[in-house]
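1. predicted structure and sequence below. I'll ask about it afterward.
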Amino acid sequence: MDLDALLAGCLSNENSIRSSAEQTLKALSGKVELVPELLKRIEHAPDPELRQLAAVLLRKRVASLWPLLPLEVRQTTQAFLLQRIAHEPLHVVRRAIADLAAAVAKQAMPRNEWPELLGEHLQPALPTLIGIISAGLRDADRVRTAALKAVEPLMLLVNSEADIVQFHGLVANMVECAREALVGGSEDVAVYVCQLLVDMVEVPAPLTQPHLPGIVAFCMEVAVAKQLELGTREQALQVVAWVARYKPKQLSKQKGLLRQIVDALCSMVCEPGQSEQEARESGTLSARAMAGQALDALSIHVSSALICPQALAFSKQAAASPDPQHRCGAITVVAVMCEGCAEMLRKRLEDELLPLVLTGLRDPDQNVRGAAAFAIGQMSEFMAYEVVSHYATVLPAVFAIMADPDPIVQERACYALDTFCENMERENILPFMPQLIERLVGVLSHGATTNNHDVQEMALSAIASTAATAAADFMPYVGAVMPALQHFLAVERSELLPCRCRATECMGLLLEHLGAIPQVATELVPQVNREFCQGADKSDEEGSSEGGHDRQFSVRTGVLDEKCAALNALGLYAEHLPLQFAPYLVQALQLAAAGANYFHEEIRAQACTTFAQLVIATHRAFPPVPPLPQSQEVTQALSEVGPALLGALEDCDKGVVSAALGALKNLLSALGAQPMLPWLEKASQGVTDVLQHKAVCFEYEDDKDGEDMCDAVEDLVAAAGDLATALIGATGADAYAPVLASHHLPALLTRLRPQQPDGIRGVAMGVLAEISERMQAHMVPHLPKVVPSVLKELRAEDAVNRQNAAFAAGVLVEGCGLEAMGPFLPQLLQSLHPLFGPKEAAGTRDNAVGCVGRMLLASPGAPLVPLDAVLPNYLRALPPKEDWEESHVAYQALCHLLAQGAQGVPGVAAHVPAIVQALGTAIVHPKLPQTTRTLIVSTIAQLRQHFAAQADPLLAMLPVNQQQALLGVV
């Protein structure tokens with residue numbers, strides 16, 4: 001190939017020569033070898049036209065060729081382009097090279113492969129650039145638009161305090177520009193400014209700080225302006241929601257402004273406009289919907305005390321309005337605050353809020369009924385315990401609107417049943433099952449005649465939740481729902497993919513709980529396999545990958561939901577019907593392997609979970625023949641699954657790594673250490689890498705916001721901790737002790753450093769507690785390093801941290817003994833004391849009780865705990881309010897004290913009457929475990945056997961039902 005001749009031919013005046021050269025270059029343009037050749041011409045071609053043409057040709061091919069180049073070549077090219085821009089003598093060629101550099105930057109910057117471009121070459125010019133852009137914002141429309149487009153890349157240059165101060169002036173000019181644009185009727189300019197403000201608010205640097213109140217006030221002016229386009233108002237409210245999410249402390253200081261925001265949003269929620277059905281069809285949000293979303297964000301991220309009272313006052317007033325828009329708004333306000341203000345709403349639920357919503361279900365206006373059904377669903381999600389206790393009233397009220405003529409009301413009624421039934425107790429749902437299934441199947445049939453797929457999907461989801469709650473008692477209703485499920489499993493139309501996904505999920509739940517009907521598995525397993533294979537044949541235009549599991553772009557689609565559900569169903573079938581599933585295990589493993597290499601992270605994560613379920617099913621279907629630790633079938637399955645799971649530990653997505661860790665943990669727990677030996681070392685290293693923040697997935701930026709990012713890391717740390725505890729269970733504490741000392745514990749302690757976020761420290765403390773509970777006395781050498789972290793978390797702001805620390809302290813006392821823990825005991829008791837206060841979270845107080853109980857049990861003779869100071873608070877905290885798993889150790893400690901008192905141990909006798917009273921209260925509590933009940937009755941019997949004269953008067957002071965229970969009469 002004579003590239004010089006081809007380039008010269010492209011510049012020829014002869015049409016035939018030029019056309020031939022262009023065709024030849026076009027054929028070569030897809031080859032990466034062309035890149036270095038064109039770069040040589042850019043530098044060395046004597047003809048400036050050839051240098052310019054080489055730059056232009058390469059610019060056009062950068063997007064396709066750049067990802068294919070080795071990293072070293074990409075880095076060399078970047079440096080070369082900067083050097084040529086500086087040394088190219090002719091302006092027209094220099095401009096062509098600069099355009100090429102811009103195209104390269106567009107590819108390299110998202111990969112963080114050219115950070116020096118901005119830092120070294122543009123950052124020093126920041127003050128000048130800010131001045132130019134500020135001037136452009138006051139210029140003609142075309143210049144103003146160009147200036148706004150330059151703001152986003154300019155944000156990347158802001159590094160120092162001086163830069164931030166200079167940028168503040170630009171922010172003020174932007175807001176003024178938007179205001180003037182609205183006056184002139186240019187809403188698109190205001191929308192673009194709001195989009196930029198959203199980006200600025202999300203940046204950790206305080207780019208908007210001094211102007212934040214003014215920004216929020218301006219955006220609320222735009223949001224309530226009914227003459228503006230809905231899209232403009234929505235973008236303004238997006239800024240307010242982002243400020244609530246990322247700058248909640250600053251916004252909370254503006255109490256007057258917050259009151260104005262809440263009033264304005266509540267009024268918008270009542271604003272007339274297009275119906276929800278019309279909004280869905282047009283693809284736009286109504287003013288009511290966008291205001292509800294903004295109020296939801298405020299209630300989640302800003303203190304409830306600043307939002308809830310004012311919003312509820314509005315709701316109470318609007319609920320009495322003759323205008324149905326206001327009645328609908330009143331209930332919508334309650335619904336959107338359920339997540340963020342749940343604690344405050346619980347106190348007003350029974351007397352105020354639930355009656356308001358139940359009245360709304362009977363309202364003559366369809367929008368009010370729909371809002372009320374949505375509110376029931378929200379309450380069931382975020383105040384489940386309190387709302388579900390009213391099942392006898394709520395369920396008939398929801399049943400009454402299941403046949404509502406409005407499809408939105410039907411859909412929301414199904415949503416209400418879905419979330420409500422998911423949280424019910426089995427014995428409570430059974431009396432309602434006939435009517436519940438009849439109504440849901442009726443909705444499915446009605447939806448088929450009206451082609452309302454959203455209603456059908458939600459009805460299927462409600463059936464799945466009902467099946468999960470009813471468990472084996474769902475059997476009488478299988479015949480009623482099976483035809484509908486089989487119908488949706490067979491549908492092919494793309495708009496019905498969500499329904500097929502829900503039907504697959506529901507089938508999995510039925511087989512999970514009704515595994516005694518193998519004919520269902522025989523019929524459905526091949527069908528689900530076909531469904532997944534059909535999904536695998538479809539192109540997902542919304543997803544793409546550049547190879548492997550490096551950073552990928554993906555968007556969730558119905559096909560993806562279907563594949564996830566299919567993999568989940570395969571795993572459930574295998575787990576609960578291993579013998580019936582045995583003929584399909586090989587095919588299912590192949591499907592899971594395909595999922596493990598899929599471009600979308602949720603399918604890769606589900607594949608990891610399914611892998612473990614399939615191997616465990618193989619183990620149950622083909623049990624080992626002694627003395628072999630596993631069958632040949634399990635060995636074959638593990639040979640495929642083990643390497644795949646270890647490979648998943650290197651995935652770029654945190655969710656996939658969490659799923660892989662969970663799968664390894666499940667395999668270890670089910671199979672033991674011997675079958676897993678080839679993979680144990682790397683699995684253990686995976687735990688270390690996650691705890692040390694050195695796993696590959698930490699090298700990639702997530703598309704999630706800060707809160708979701710922390711959640712993903714918390715899930716990762718928790719999954720690593722679960723695998724560590726599984727390693728202890730499988731290999732034994734003695735074998736695990738060196739791994740703990742040299743790898744896992746030092747890594748875990750880095751997650752407990754003060755600079756770590758509260759949530760991650762809380763999870764890490766939970767992991768420490770679980771490990772300590774299993775390692776027992778093996779933790780003694782590590783107490784000087786571990787206990788200081790426990791003491792710090794006992795004083796943490798977050799209740800979860802304090803709760804986990806209290807549990808950790810208790811298991812350390814239990815496992816290491818008071819002799820080893822003695823030096824830390826005074827500090828430990830001092831740190832535990834505030835946890836018994838009335839304002840402490842119930843779960844935290846329960847774990848503090850458990851910790852003190854373990855201290856009391858660890859004292860073989862006279863208690864080392866100062867009973868006079870500790871026991872009154874201990875008894876007041878009983879019975880447990882939330883964590884009943886701690887009840888046994890709590891009451892076991894009291895029984896231990898009674899025995900010590902009977903033996904004349906000093907300091908105990910004075911507390912015996914209060915202890916007997918506490919045991920009397922406990923013995924009649926419905927949540928008390930039977931083992932604890934038996935222990936208490938046995939302790940009282942022994943006490944009466946030896947000290948009847950002292951014990952009987954104490955028992956006589958108790959209510960009759962408590963006396964009888966303590967004596968074992970009932």
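-> Received, thanks.

2. I figured I307 was touching D296, is that so?
-> No: the criterion here is C-beta atoms under 8 Å, and I307 misses it with D296 at 10.4 Å. Where C-beta positions appear, they are placed from N, C-alpha and C, glycine not excepted.

3. L157: which element?
-> Using DSSP states H and E, L157 falls within no helix or strand.

4. give me the number of neighbouring residues for it.
-> For L157, the neighbour count with other C-beta atoms under 10 Å is 17.

5. I307 and D296: which has the busier surroundings?
-> More neighbours surround I307 than the other of I307 and D296, with 26 against 20 (other C-beta under 10 Å).

6. so which bits of the helix or strand hosting G853 are buried?
-> Using DSSP H and E, G853 maps to helix 842-857. By 16 or more other C-beta atoms under 10 Å, the buried positions in helix 842-857 come out as 843-857.

7. show residues contacting the helix or strand following it.
-> Counting by DSSP H and E, the next helix or strand C-terminal to helix 842-857 is helix 867-876. The contact list for helix 867-876 (C-beta atoms under 8 Å, 6 or more residues apart in numbering) reads 829, 833, 836, 849, 852-853, 897, 907-908, 910-911, 914-915, 918.

8. quick one: the helices in the stretch 601-750 of the chain, in order.
-> Applying DSSP state H, counting those that start in this stretch to the stretch 601-750 of the chain gives helices spanning 601-621, 632-648, 654-671, 677-691, 706-731, 733-739, 745-750.

9. check the stretch 151-300 of the chain too.
-> For the stretch 151-300 of the chain, the helices defined by DSSP H, counting those that start in this stretch cover 161-183, 187-202, 212-224, 230-246, 248-252, 255-269, 276-282, 287-301.

10. from R111, how far off is I85?
-> According to C-beta to C-beta, to the nearest Å, I85 and R111 sit 21 Å apart.

11. and the helix holding G853, how far out from the chain middle?
-> Averaging C-alpha positions (C-alpha atoms, centre = their mean, to the nearest Å) puts helix 842-857 30 Å from its chain's average.

12. just the CA atoms of that helix, as CSV, please.
-> Provided in CSV are the C-alpha atoms of helix 842-857 (Å, rounded to 0.1, in the frame of the first residue of the first chain):
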residue,chain,number,x,y,z
ALA,A,842,-35.3,-0.5,69.8
GLY,A,843,-33.0,-2.9,68.0
THR,A,844,-29.9,-1.2,69.5
ARG,A,845,-31.3,-1.3,73.0
ASP,A,846,-32.1,-5.0,72.5
ASN,A,847,-28.6,-5.8,71.5
ALA,A,848,-27.3,-3.8,74.5
VAL,A,849,-29.4,-6.0,76.7
GLY,A,850,-27.9,-9.1,75.0
CYS,A,851,-24.4,-7.8,75.6
VAL,A,852,-25.0,-7.2,79.3
GLY,A,853,-26.7,-10.6,79.5
ARG,A,854,-23.5,-12.3,78.1
MET,A,855,-21.5,-10.4,80.8
LEU,A,856,-23.7,-11.8,83.5
LEU,A,857,-23.5,-15.3,82.1
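
13. which strands and helices lie in contact with it?
-> In terms of contacts (3 or more C-beta pairs under 8 Å, 6 or more residues apart in numbering; DSSP states H and E), helix 842-857 is packed against helix 799-821, helix 825-832, helix 867-876, helix 887-902.

14. show me the contacts for the nearest residue to C266 once chain neighbours are set aside.
-> Of all residues not flanking C266 in the chain, F314 sits nearest, at 4.3 Å (C-beta to C-beta, 6 or more residues apart in numbering). Residues in contact with F314 (C-beta under 8 Å, 6+ apart) are V262, D263, C266, A330, V333.

15. can you tell me the helix or strand for F314?
-> helix 304-319.

16. and the contacts of the following helix or strand past that helix?
-> Remark: after helix 304-319, the chain's next helix or strand is helix 324-336, criterion DSSP H and E. Identification of contacts with helix 324-336 by C-beta under 8 Å, 6+ apart yields 266, 269-272, 288, 292-293, 295-296, 299, 311-312, 314-319, 321, 345, 353, 356-357, 360, 363-365, 367-368, 370-372, 374-375, 378-379.

17. perfect, I'm done here.
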